[in-house]
Structure formats: structure tokens, C-alpha cells
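Asks: Provided below for reference: sequence and predicted model.
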2 protein chains.
Amino acid sequence: MTKLTVKAIASHFNVSVSTVSKAIHDSHEISDELKRNIREYAKLNNYKPNRVALNLFNRNTKTIGVVIPNILNYFFVQVLYGIEKIADQRGYSIIICSTNESIEKEIKVLDFLSSGTVDGVIISTVLGETGLTDSNEHFSALLDRQIPMVMFDRVIEFIKCDKVMVDDFEAGYLATKYFLGTGCKIVAIINPLGNSYIGRLRIEGYKKALCENGIGPNDKLIVTISYQDDLELTIHSLLDFDKIDGILIFDELTLVKIMDIVQSKGYQIPKDISFIGFTNGELSKYVTPSATTVSQHGKFIGESSADKLIDRIEEECDTCNFETRIIKTSLIARESTLKPKEYGKA
Amino acid sequence: MTKLTVKAIASHFNVSVSTVSKAIHDSHEISDELKRNIREYAKLNNYKPNRVALNLFNRNTKTIGVVIPNILNYFFVQVLYGIEKIADQRGYSIIICSTNESIEKEIKVLDFLSSGTVDGVIISTVLGETGLTDSNEHFSALLDRQIPMVMFDRVIEFIKCDKVMVDDFEAGYLATKYFLGTGCKIVAIINPLGNSYIGRLRIEGYKKALCENGIGPNDKLIVTISYQDDLELTIHSLLDFDKIDGILIFDELTLVKIMDIVQSKGYQIPKDISFIGFTNGELSKYVTPSATTVSQHGKFIGESSADKLIDRIEEECDTCNFETRIIKTSLIARESTLKPKEYGKA
DNA sequence: CTGTTAGCGCATTCAT
DNA sequence: ATGAATGCGCTAACAG
């Protein structure tokens, strides 16, 4: 049986399509009997209005596009979870596109999403060379078409749209202070986030904390790595360089891998080296020793982004004052760091 | 600037819409000059054909719906990753719906997906009471509309459609044999999969292995748990019941949590109790001790499902001989089990 | 070479 | 109370 349409129903009852349409919408313009017959018939053959035709007619799709760099990253999955929750509540579906950290894929995906398939998009961008302004014109395509967009986490500073991010500066600052508060002297950073805005903010927070404690930041202690890098090598030369006793790592999986390597080299955690990571996921909880992490509240970021986007989609007046929401992080203390010393005591 | 349409371009050049359409499609019917002008103008104002209109016209959407019970479960994310990869390669987008293990949500989502938004769906069903035939009529809605569907992992036995699953019987069998081969005598099962088909298959495999070794299965050793259950209590009464030295757990996160509890009770893994889990994810790798698991090759399941679905969508003749693909599992041996004893040696 | 017409499936305004 | 006509944005068959 081919898909049932209003036209088919109409010809079955020898009436016009508009009569059928009205009957199905329970219009009072239609006689009760005919209405009942039509609706019964429709139900029986489980008629469903074609969504695509409705979308065309209504000039909206009630779906939002979500673009993330890596679906295997737990942080993004948490965000997805939050987005899905709100979207569902507010009657939207989500179409998910993974860019796999490829700028080409990001361009391709944004091109697709700007062709009318979605009412708005939520995006966390790939790690790229920033500063290259021309590499960001794929966002204007969306914006020019008046398609609302909210960026989260990995946002691009100078793009004008709503944003939801964490207080990364403060996160870097507090994590570093926490290290120092437990007696660490030489704190290093491992940054798998390239030259991204959020990475830079975290590093600035780190530097501020060091300065406040009279420690001059040493750029050799900040190592930026990429996906292909050999972690074993990286960590080896870092530990050779200085007597490091604290490492702040910007990504959960990298944290766990490095803790694994360091332990297999014979170091004790946290006695010899303390660790703090980001993204408070299951891994951080169940690794041994369990990892102290900065929770970015991924689910909440997702909820907030989705709410903001749908507000923007549905608002009548488009007053273009964009908002940047800053979500507070929290530090979850576990066993990969020492206990904070109590100051002010002799 | 409002969205550019063929009509707008047409009126700008004082030609008809079909001329514009042809020009944009580089038809040889249009004079080179006009064509050049139109195409230039289109590019300049970055015209993009409205996808929704095209979908209506073509009677397809080039997108597939994916329905999973829980997006926070790493196994499903792996599958998603595989699906996305193939979909992208073959020119499809995916729209993801999470049912959060709720049958109501599953019904709602399937209803949505059967309204023309997608060309086909890939689904892993919620854990439900099986046997209740009437609770499964929401699938017929899809099938009646000739919308291709492939079920993966948590499939429903008697629904007629393509399926991709793992050899769960063999997985249960081999895992149990592995336990016995390392000297375990009393092997228990913790099953968070309710009365699902795949759970039953794994248990049957387990029983077969026991029988082959002259051990009569004891149903008290098979405990089915649900999300709300208190794991601490569960494991407590299980360990009280008998001197268990091996536990097979059907889910990665549950495995890790239970290993955590058991260790905090003072048991040594694997000396006192051995563990084998399912879903070979990062958690199993980095937990301490690292966990022996049955790898279900989630990514491959996703790839296979997507390929099968798209084949089905695009095939001309709909010969209705449905296929059930069985993917082989592999057992990844790690530190949560003892070393297999070598038989045949004195 | 270019335009007219029709239709994808539906809802809505305006006649009757 | 019912139907005809129009349009959402696009393409394609058929005229001219």
C-alpha cells in the first residue's frame, strides 16, 4: 500500500482535498457525519500528514542541526544529551553532524545545514588555525541567511552570535591554585586543544595563579599536542625537563592515558605527581587513582544552548544583541591530587 | 536579506523561473551569456536551492533516522560513529533520537519518523517486556508505510526486517569457557538487559558452556537488575549466596561500578573474583585492573547497519527476503581475569 | 533558446 | 457545508 495522502482520501470519498484537510483538522465548517467518516477512515489507514510538505508550507522544519567535532568524546555526548532533552521538550528534533576535527567537513556540513533543512544550528568548532579570518567565512553563509546559530565551548571569538561557554579562565586559575594549595611547586599543562580560544583562556588563568604565588610561568611547561602525537614521547621529555609535580590536562581521555603512562614509569600518583583533568565523566571517576577534574557541566551547556537557540528561532523581533552565557565550572576533588594544606596554621 | 529563491532571481533578470532553474543546472538549452549572468548572480548572493522543496519534489530526504535507547552508553555511541561514517560517505544525513529506555518515547519517535522526514530508520529497541505483541505495533506503522528499517543489537525476534547483531550466544559461551579455563568454578551473571533477546542468548551460551563442563546451571547465579537497583545490595547478596569466583556482566558501566564495589569490600581482582564485561570501550581499558571484555565491534555494527539500510532504500526491486547479519565478537583478555591454564600438560 | 504548465502534499483564503 | 484557487520552492515535460 502506497502512502496515503489527502488527495487519495478525497477521491475515496468523492470530495475535494480541502474538505478532507478541514475534516482532519476538525474544522466546524464540515458536517459532522462526513467529518466522522473521513477521520475514521484516516485513522484506520493510519494517515499521517507528510512532514516535508508541511515544512515547505510552514517555512520551518522544527529541527535543529548540531555540529560537534567528535562524537566519541564524552564531553560532547553529555552536551548532546542536554540538547536532546530540551529539544524534545520544546518539540524539536535534532540532526547531528560530526566533523571529525576536519575543517573541510565542517564547511560541508554547514553548507548542508544552511540549505533549509534546519531552523537553527548549535556548533562547537573544529580545532583550527585561528586568526585566519578567511577560514571562517563558512559561518557567514549561515548567518547571512538569518539562520540562528549558537556556538558552545569551542567558540570563535569574533563571530557575532549567541555563545555558551564555561568560565575557562577561572577554571585554569582555580585548578592551578588547587595544585599550589596541595603543595605542588612545578605545574605543567598538556593542551590537546591547539591554539583555540578556550585553551588560551585556561592557560591565562593558569598563569595568573602562578604569578599570584610569585612563580614565573615557563612556556616550556606548557605543551600543546595534537591527535597524532606520541603521548609517551611527549610525557617523557616533559618529565625529563624539570621536576614536575603537577600536570593539568585539558581533556579527559588524554588525562587517563597519561596517568597510565606515568604510572607504568613507576611514578606514584599523587605522591610524586598530581593530576587534574577536564570533563567530569565516567572515566575520571573509575580510573585508578580516581581523577580530580574540572566539571564543565556538559549536560547543562547543552540545555542552555538549546534553550537559547529555540528562543532565538521563535522570537518575533530579532534584536541583534547577542548573548554570551558563561557557565561556572566546579572542581571535583578525587585521589589524583593531594589533600589541600590548611593555611594560616603553624 | 531574505532567502534567495529561483523566483527572485527570475524577476531580477526578467526571465521565467524555469530558465533560471535550467541555467543553474547548467543546461545547454540556455544561452551562454544569460547562463553566465545568472550563475554569477547566484554565486554572488550565495543562492542555495531549498532542500525542503527538493525533498518534496524528489519524494526522499536523503536522511536516515537513528533510534537508540541511551546516548550516554558508549556502545551506542560507537555504533553511531559507524553509522555516521557510512551515511556521510553515501550522501546521507542522520537524525538521532534517544528513547531513554522509555517505550512511550520510542512510540513517539517512531511516529515522528514515519511521517516522511527520513528515508529509513536504524533502531535498537528499549528494554521492555517482550512477548506482549501489542506493545510492538508501533513498528508496523513504519513497515506498513514501506519505510525500510534495520534493527541492531537489541532486536525483536519476530519483527520482519533486516537485522544486525552480534553472536550473543557464542559470546556468552566463550566468555564462560574462558572463566572455566582460568580455573573459575562458580560463575555468576549480572544482566542489566532485562528479558531481552540478546540477554537470553548470552545466558543460553553461558549455560551451554557450564553443561559441557559438567556444571549444572543455577538460576540463583543469574541476577537481572534494572537501572534503579542498588548495585551494592545486589552484589552483596550475590556474594553471600555462594563462593563465586567469576562474574560475567553484560554492560560496561555496570561492570566498572561492580568491580569498584567489590574491591572496596576487600576482594582482589582477579585473585578472588574474575570479571568479564561487554562493550570494549575506554572504560574497560583504563579501569584498574583493566577489564577483560567481549568486544562487540560497535563501529562495525553501525557501518553494517547503515550500509544495509541504504542498500534497501536505494534498491529498485523490493524482494522481501530480510537478512540477519551476525557479527563475530572477540574476547579481549586483560587483567580482570586470570591467565588461562594450559590443558593437556601434566 | 525561452516560457508555460503541472505537480510534489498540504493548508488556507475566498467563493459558492 | 463544500469546493476552487493559490502558493510554499523547485523541477521537468512540453510548447513555442
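Replies: Alright, I've got the coordinates. Numbering: from 1, shown residues only, chains lettered A, B, ... in the order given.

Asks: any idea how far the residue in the stretch 201-346 of chain A that chain B sits nearest to is from residue B:264?
Replies: Evaluated by CB to the nearest CB, the stretch 201-346 of chain A has residue A:288 as its residue closest to chain B, separated by 3.4 Å. Quick note: C-beta positions are derived from backbone N, CA and C, even for glycine. Distance, residue A:288 to residue B:264, using CB to CB, to the nearest Å: 12 Å.

Asks: Those two: who's more crowded?
Replies: With neighbours defined as other CB atoms under 10 Å in any protein chain shown, residue A:288 and residue B:264 compare such that residue A:288 has more, 18 against 9.

Asks: ok, now which ones touch the more buried one?
Replies: Contact partners of residue A:288, counting by CB atoms under 8 Å, 6 or more residues apart in numbering or on different chains, are B:287, B:288.

Asks: which non-adjacent residue is nearest residue A:181?
Replies: residue A:340 (4.5 Å; CB to CB, 6 or more residues apart in numbering or on different chains).

Asks: Enumerate every residue touching the one you found.
Replies: Residues in contact with residue A:340 (CB under 8 Å, 6+ apart) are A:178, A:181, A:182.

Asks: What of residue A:191?
Replies: Taking CB under 8 Å, 6+ apart as the test, what residue A:191 contacts is A:199, A:202, A:203, A:222, A:223, A:224, A:225, A:250.

Asks: if you set the cut-off to 10 Å instead, what comes out?
Replies: Each residue near residue A:191 by CB atoms under 10 Å, 6 or more residues apart in numbering or on different chains is listed here: A:199-200, A:202-203, A:206, A:222-225, A:248-251, A:254.

Asks: moving C-terminal of the worst-scoring helix or strand of chain A on mean pLDDT, what's the next helix or strand?
Replies: Ranking every helix and strand in chain A by mean pLDDT, DSSP states H and E puts helix A:137-144 at the bottom, with a mean of 88. With elements assigned by DSSP states H and E, the helix or strand that comes after helix A:137-144 is strand A:149-152.

Asks: Give me the distance between that following strand and the centre of its chain.
Replies: Its chain's C-alpha centre and that of strand A:149-152 lie 9 Å apart, by CA atoms, centre = their mean, to the nearest Å.

Asks: tell me which strands and helices that strand is in contact with?
Replies: strand A:63-68, helix A:74-89, strand A:120-123, helix A:137-144, strand A:162-166, helix A:298-314, strand A:324-327 (3 or more CB pairs under 10 Å, 6 or more residues apart in numbering or on different chains; DSSP states H and E).

Asks: can you do 6 Å?
Replies: strand A:120-123, strand A:162-166, helix A:298-314 (3 or more CB pairs under 6 Å, 6 or more residues apart in numbering or on different chains; DSSP states H and E).

Asks: name the element the closest residue to residue A:172 other than its chain neighbours belongs to?
Replies: Nearest residue to residue A:172, sequence neighbours excluded (CB to CB, 6+ apart): residue A:205, at 2.9 Å. For residue A:205, the enclosing helix or strand under DSSP H and E is helix A:197-212.

Asks: Dump that helix to CSV, restricted to CA.
Replies: Only the C-alpha atoms of helix A:197-212 are listed here, as CSV (Å, rounded to 0.1, in the frame of the first residue of the first chain):
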residue,chain,number,x,y,z
TYR,A,197,40.3,30.4,22.4
ILE,A,198,39.2,28.2,25.3
GLY,A,199,42.7,26.7,25.5
ARG,A,200,44.3,30.1,25.7
LEU,A,201,41.8,31.2,28.4
ARG,A,202,42.7,28.3,30.5
ILE,A,203,46.4,29.0,30.1
GLU,A,204,45.9,32.6,31.1
GLY,A,205,44.1,31.5,34.2
TYR,A,206,46.9,29.2,35.0
LYS,A,207,49.5,31.9,34.5
LYS,A,208,47.6,34.3,36.7
ALA,A,209,47.5,31.8,39.5
LEU,A,210,51.2,31.2,39.2
CYS,A,211,52.0,34.9,39.2
GLU,A,212,49.9,35.5,42.3
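
Asks: angle of it against strand A:162-166?
Replies: Between helix A:197-212 and strand A:162-166, the angle comes out at 40 degrees (axes from the mean of the first three to the mean of the last three CA atoms, to 10 degrees).

Asks: neighbours of the residue in the stretch 101-250 of chain A positioned nearest to DNA strand D, just the number please.
Replies: Nearest residue of the stretch 101-250 of chain A to DNA strand D: residue A:116, at 7.5 Å (CB to the nearest atom of the strand). Counted by other CB under 10 Å, the residues lying close to residue A:116 total 23.

Asks: Identify the residues contacting it.
Replies: B:50, B:51, B:52 (CB atoms under 6 Å, 6 or more residues apart in numbering or on different chains).

Asks: Look up how far residue A:48 lies from the second one.
Replies: For residue B:51, the distance to residue A:48 equals 21 Å [CB to CB].

Asks: Counting neighbours around each, name which of those two comes out higher.
Replies: With neighbours defined as other CB under 10 Å, residue B:51 and residue A:48 compare such that residue B:51 has more, 23 against 16.

Asks: Flag the shaky bits of the stretch 201-346 of chain A, pLDDT-wise.
Replies: Where the stretch 201-346 of chain A drops to pLDDT under 70, the residues are A:316-319, A:342-346.

Asks: List the contacts of the closest residue to DNA strand C within it.
Replies: Of all residues in the stretch 201-346 of chain A, residue A:314 sits closest to DNA strand C, at 17.2 Å by CB to the nearest atom of the strand. For residue A:314, no contacting residues are found, by CB under 6 Å, 6+ apart.

Asks: how about the strands in chain A?
Replies: For chain A, the strands defined by DSSP state E cover A:63-68, A:93-98, A:120-123, A:149-152, A:162-166, A:187-191, A:222-224, A:246-249, A:274-278, A:292-295, A:324-327, A:330-332.

Asks: Adding distance to DNA strand D as columns, could you present these in TSV?
Replies: As requested, the strands of chain A are exported to TSV (distance: least, CB to the nearest atom of the strand, whole Å):
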stretch	distance to DNA strand D
strand A:63-68	17
strand A:93-98	19
strand A:120-123	17
strand A:149-152	20
strand A:162-166	25
strand A:187-191	44
strand A:222-224	44
strand A:246-249	48
strand A:274-278	43
strand A:292-295	44
strand A:324-327	31
strand A:330-332	46
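
Asks: could those be laid out in CSV, adding distance to residue B:150?
Replies: Shown next, in CSV, are the strands of chain A (distance: least, CB to CB, whole Å):
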stretch, distance to residue B:150
strand A:63-68, 22
strand A:93-98, 19
strand A:120-123, 28
strand A:149-152, 32
strand A:162-166, 35
strand A:187-191, 41
strand A:222-224, 42
strand A:246-249, 39
strand A:274-278, 37
strand A:292-295, 37
strand A:324-327, 38
strand A:330-332, 40
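
Asks: Please list the residues of chain A that sit near DNA strand C.
Replies: A:3, A:5-7, A:17-18, A:21-22, A:24-25, A:48-50, A:53-54, A:56-57 (CB under 7 Å from any atom of the strand).

Asks: Show the buried residues in the residues you listed.
Replies: Among those, the ones that count as buried by 16 or more other CB atoms under 10 Å in any protein chain shown are A:3, A:6, A:21, A:22, A:24, A:48, A:49, A:50, A:54, A:56.

Asks: Distance check, the second one against residue A:62.
Replies: With the distance defined as CB to CB, residue A:6 ends up 20 Å from residue A:62.

Asks: Pull the number of nearby residues for the residue nearest to residue A:172.
Replies: Residue A:205 has 22 neighbours, counted by other CB under 10 Å.
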